[in-house]
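Novice: Generate coordinates for the sequence data below:
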Amino acid sequence: MKFAKSLLRNQVPEWSEYYIDYKALKKLVNQAAAAPEGTERETASQPFFFQLDRNAEIVDTFFNSRFAEYMRRLKHVTERLPKGSPSPTGSSAPTLDIRLLDADELSELVSGLLELRSQFRKLAWYAEVNKRGFVKILKKFDKHCRAHTQTRYLTSKIFILPFADGQQVSEKINQASSILQEISPNVDLENGLANLKFGASAEALPIDVPAEFVAAIDNGDDEKLKSLFASSPMPSQKTLSRLLLRALAGNKAIDTVLGHYNIKSSCELHNRNIIHKLVIQCRNPSNLPKLKAGFHHPSPSLPDEAEEIDVDEIALGNPYQQLVRLLDHLTEDMHEAVVALDDMMRAPLHYAAIYGLPQVSEILISKMSEWELLTSSQGILSMEFKDAEGLGPIHYSVRNNHPVTTEKMLKEGVPPTEATKSILNPFLLVATRLNSVKMLKALLDFGLDINYQNSKGESALYTAAKYNYLASAKLLIASKADLELEEYTFGWTALFVAAVDGSTEIVDLLLDAGCVSTGLDQSGWSAKEHAALRGHIKLSEKLELPSESPTLVAKRETTPPESGASDSLKQRRSTVPKDIIKSFGHRYLEDPDTVMVLVTLSSHDLRQTRRCVEFASLNMSQAGSTELDTALSLVVSSTGHGEPVVLDLPAPEFGVSTETIAFTTADLANTAIYFDLVPTYSPKRPVLGRAVGMLSSIVKPVGNMENLNESMVVPILEQGTLAILGTVMFSFQVVRPFKHASVGIETTSTYWKSLTTSRVIGHRGLGKNTLSQRSLQLGENTVESFIQAANLGASYVEFDVQLTRDLVPVIYHDFVVGDSGFDIPMHNLSLEQFMNINMPQATQTQEESSKPRRSMSLYDSRQSFMEMHRMALTKDFKAKGFKGNVRGHSIQSKFATLEELFKTLPASVGFNIECKYPMLDEAEAEDMDQIVLEKNVWVDTVLKMVYDLKGDRDIIFSSFNPDICVLLSLKQPSIPVLFLTEGGTAPMMDVRASSLQEAIRFAKRWNLLGIVCESTPIVACPRLAQVVKQSGLVCFTYGVLNNQPDLARRQLKAGVDAVIVDSVLAVRKELTSDEGIVF
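Specialist: Numbering: from 1, shown residues only. Alright, predicted model coming up:
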């Protein structure tokens, strides 16, 4: 997953305005990279560094303000903790004495510590995400601008700032955890606050409440109570608060007790008065914070719609009724208690909003209005109602997804003026991010601006489209949201972002509402092109290109100009000169004794939902002492050669990864991969847990065979106890060196020396066989077909190579050989068996050769009829209705071997050798066993024959299997490799094969010559060919659309280097008549 998307996923929603503006900085990087090297690029880079400095200031200022506030609150809590006798270990610091706290006070202590620890964790996560952002954007700047600024800038301007040093926040998290750990023998922290549980040794000390006071209150004897107050020592305020609660519960003697109680004072831990207390006690236990077992990483999550408390559900005598009675009995000098602030600068109304208490909110606002405490024209939106976080009651109500409470607050506490609506407008985006239709409706009914845009230009509809929230999008469109609003970074509308992410339902909704699909973004690209690039082909067919095809440099102005960034299409539009043709001599395994191990955390499979690192349950009482509840990192290392790689957790990818870690070793049998769990911010980084994978024992080879399912899971063992902390999922590929006398750099020329001319390549020779009976076809992948294709002008012939059981390269397309009437994988057949499958039996041929063929018959003999009947039962025949190179559908010829093609076809005919090796999902689709020939054996066998026989012949390798492409590239430097991709036209489960965009990334990463893409996205969006070319790759296409000469010509004019076609003669004839195309 790219960092821009990872950043969105990992943001703390309420702090989203204070993160690094990664997209805007990314755009400035590309603008700088587009300038010529030298002075002009230095000048073009200045805006990037200016904005980078401003971003660092924003992040640092926000971090410091939050840290100072949380420090103040933690200090306040620790200073007011009840202390017992000195520690028996001899420490001068007294221990925490829980017995000095009653149940209510203990609940306050635990809730306060949990909230503080959660806030510190959020702050640590905020700092970590931003730190990663600065590292990533500077790495991108160095890569695109060919500079070396990352280390210098990070060292001098980022790492010296407090937010980049996570140690101080980690210490405060540990401090809060230590106090909770001390409480844990007395409180069931695992189940949160809803189930406070006391042990036998934690019996609370009784509060000194005289029995005669309690009796007088229970009997409602005001005279007796007054006499007791007059004659007895005055009880403490803490005792009086208990007496007042008892009076409120029984609705007796309230005024008498209240007359002696100072409601403005508080002896509670957080300086909350009795109104705070009663509001908090109204909360629903299911809404209380829970401690989940397991490692806690502070990646934020969106709240579900919490249950809201209705007054009709509350019985007499509960905290709500007590609150109502208290408010009704307050005298004028006590009224200000309803807006009193606690240590977190929160009034009782804040807690009604936090816990979703609509009736409590209504009564509090009603009393504030009645007592003239809402003096501001902004009502409860005024600064007086901002807490230490800078948040007001409505912010909490919206953020915690309490639509009924929000509606009550808006109705009772906010005047519906333009000023208040402008303050509330940003909440539309918060509600949309929650995908809460009820909340959106409540805000829109209040009259908020549905077309409000934040500082990045994002509207509510854009947000709904970005996160694929269909219900919210429907409501917004029905409420007449502007469909064409553009955000400021890319100039994208809601349609663009939905097209980019492949959100088909959102696109359908927008198009049905009349959204324009032909518009261009700031970079001059259409939504259709964005969708096609990312593999959303079906979706792209719903969209249109502008009537006038824009140029690659087309741009439009969108304000504000400083709020912009670039997308992947824009990156590839850079005008920096690039070497389109790769040179010989890329790095490969030269040492015959060195083996390379490629490790991928998680999996390449898009169906995989398991994270690369998952954690087992953890006793939270042990978390603080073991550092397992702090930010963690995974260090991947090997006993071989290679630098350790550090991955900060949680990993940005969810189940899928395209990044590879490489190690080399000379002793594979004893090579181990270590996965060490370490605290991210600890100076010494002690190993908390380790998982080990011994490569020789994880996967046991079966002769020359291996399992296609390469993902493995190994346990992480805790360093001291060896308890299982969690698991690591990874896959690895061993790359063994290929040895041959001819391997090496044979020339100083470039790959495919005549690449500047366009090419026509014969698909499977003269073309693949189809069901069409318009003309008699030569059998596909046969010698006769290849000779005829060369005679008709094909520069190269493309064919499919597989290995038989006895490791002989043969020419055959399908993974399963069905010509015999049985579905048999190629690797289960010997060469002799394969070559004789489609040969008629000699005796029957002689007997029936003299018989005349019936005029309407498709078959020469009864034998042919029986063979076709058996073949009709195979999987491939059922799917397509025919079989290639079979009598009755084509001019059948015998199967061929790779050696035969080398010896039969003239050296002037180039070979495009497609290496047919199944991926996991392809094997599953063919109902094949997942045990196949080992990749190194497969590739080495093919390479040996090619190097033995190639001579001066031009050779190109290609494969749909990414791993085969990697092995072909790493084992030799002189024969170019192309990556074949469906480009999104067919579902592929390997992320590297899922789209044209992923194919480009993969080919660049592994130094391949280029890609061969199914022609549909290029035909629909011809400019995508230049996206490939600007990436320094060659671009071939294949597919049935290439057989239409006008579409082939369109592609070649757009920059495609070669088209692989079935109709070689027709296409070449059309193209040679075009003066703009050179052969």
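
Novice: what domains does the record give for this protein?
Specialist: 1-84+94-184, 595-735, 759-768+775-817+893-1073 (the TED database).

Novice: so which of these comes closest to Gly250?
Specialist: domain 1-84+94-184 (18.6 Å; C-beta to C-beta). Heads up, the C-betas are built off the backbone N, CA and C, glycines and all.

Novice: Mean confidence (pLDDT) on that closest one, please.
Specialist: Here domain 1-84+94-184 scores 83 as its mean pLDDT.

Novice: same thing with stretch 1072-1079?
Specialist: The model assigns stretch 1072-1079 a mean pLDDT of 57.

Novice: Stretch 219-236 too?
Specialist: Mean predicted lDDT for stretch 219-236 stands at 80.

Novice: before we move on, what about stretch 824-841?
Specialist: The model assigns stretch 824-841 a mean pLDDT of 82.

Novice: tell me the contacts of Ala923?
Specialist: Taking C-beta atoms under 8 Å, 6 or more residues apart in numbering, we find Ala923 in contact with Leu708, Phe815, Asp929, Gln930, Val932.

Novice: Ends of stretch 406-421, what's the gap?
Specialist: 14 Å (C-alpha to C-alpha, to the nearest Å).

Novice: in the protein, which helix has the most residues?
Specialist: Longest helix of the chain, by residue count under DSSP state H: helix 103-145.

Novice: how far does it sit from the chain's center?
Specialist: With C-alpha atoms, centre = their mean, to the nearest Å as the basis, helix 103-145 stands 19 Å off its chain's centre.

Novice: In TSV, list the domains of the chain along with distance to Pro825.
Specialist: Formatted as TSV, these follow (distance: least, C-beta to C-beta, whole Å):
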stretch	distance to Pro825
domain 1-84+94-184	35
domain 595-735	11
domain 759-768+775-817+893-1073	5
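
Novice: most packed of those?
Specialist: domain 759-768+775-817+893-1073 (a mean of 21; mean count of other C-beta atoms under 10 Å).

Novice: where does the stretch 951-1079 of the chain have low pLDDT?
Specialist: 1073-1079 (pLDDT under 70).

Novice: And the residue nearest to Gln31 when sequence neighbours are not counted, how far from Pro1017?
Specialist: Excluding the flanking residues, the one nearest Gln31 by C-beta to C-beta, 6 or more residues apart in numbering is Ala44, at 6.2 Å. Counting by C-beta to C-beta, to the nearest Å, the separation of Ala44 from Pro1017 is 32 Å.

Novice: Likewise for Asp255?
Specialist: In terms of C-beta to C-beta, Asp255 sits 80 Å off from Pro1017.

Novice: Then Pro546?
Specialist: Pro546 is 17 Å from Pro1017, by C-beta to C-beta.

Novice: now do Ile1011
Specialist: Ile1011 sits at a distance of 11 Å from Pro1017 (criterion: C-beta to C-beta).

Novice: can you list residues touching both of the two?
Specialist: Leu996.

Novice: Tell me which residues touch the closest residue in space to Asn219 that isn't next to it in sequence, please.
Specialist: The shortest distance from Asn219 to any non-neighbouring residue, by C-beta to C-beta, 6+ apart, is to Lys252 (7.7 Å). By C-beta under 8 Å, 6+ apart, the contact set of Lys252 is Ile217, Asp218, Asn219, Gly220.

Novice: Ile263 versus the first one, what's the distance?
Specialist: From Ile217 across to Ile263, the span is 17 Å (C-beta to C-beta).

Novice: Likewise for Asn670?
Specialist: Taking C-beta to C-beta, one finds Asn670 at 75 Å from Ile263.

Novice: ditto for Ser232
Specialist: On the measure of C-beta to C-beta, Ser232 and Ile263 end up 21 Å apart.

Novice: neighbour-wise, which of the two wins?
Specialist: Neighbours were counted for Ser232 and for Ile263 using other C-beta atoms under 10 Å; Ile263 has more, 23 against 11.

Novice: if I look at the more buried one, how far off is Ile20?
Specialist: In terms of C-beta to C-beta, Ile263 sits 47 Å off from Ile20.

Novice: Ile913 pairs with what?
Specialist: Phe799, Phe957 (DSSP bridges).

Novice: For Gln522, give its distance to Leu1071.
Specialist: 36 Å.

Novice: on that earlier part again, using the three-state scheme, assign the residue nearest to Asn219.
Specialist: Counting by DSSP: H, G, I helix; E, B strand; the rest coil, the backbone at Lys252 sits in coil.

Novice: residue boundaries of the strands in the stretch 951-1079 of the chain?
Specialist: Using DSSP state E, counting those that start in this stretch, the strands of the stretch 951-1079 of the chain run over residues 955-959, 977-981, 1010-1014, 1034-1038, 1058-1061.

Novice: now the third one: how far from the chain's centre is it?
Specialist: Okay, so that is strand 1010-1014. 26 Å.

Novice: and it, which strands flank it?
Specialist: With DSSP bridges as the test, strand 1010-1014 pairs up with strand 977-981 (parallel), strand 1034-1038 (parallel).

Novice: angle of it against strand 955-959?
Specialist: With axes from the mean of the first three to the mean of the last three C-alpha atoms, to 10 degrees as the basis, strand 1010-1014 and strand 955-959 are set at 60 degrees to each other.

Novice: Convert the C-alpha atoms of strand 1010-1014 to CSV, please.
Specialist: Extracted in CSV, the C-alpha atoms of strand 1010-1014 (Å, rounded to 0.1, in the frame of the first residue of the first chain):
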residue,chain,number,x,y,z
GLY,A,1010,9.2,-3.9,-20.1
ILE,A,1011,5.7,-5.2,-19.9
VAL,A,1012,3.3,-7.0,-22.3
CYS,A,1013,-0.2,-5.8,-21.5
GLU,A,1014,-3.6,-7.0,-22.7
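
Novice: What's the biggest strand in the chain, counting residues?
Specialist: When the chain is parsed with DSSP state E, its longest strand is strand 724-735.

Novice: Just checking: what are the partner strands of that one?
Specialist: Partners of strand 724-735 in its sheet, by DSSP bridges: strand 595-601 (antiparallel), strand 613-615 (antiparallel), strand 712-718 (antiparallel).
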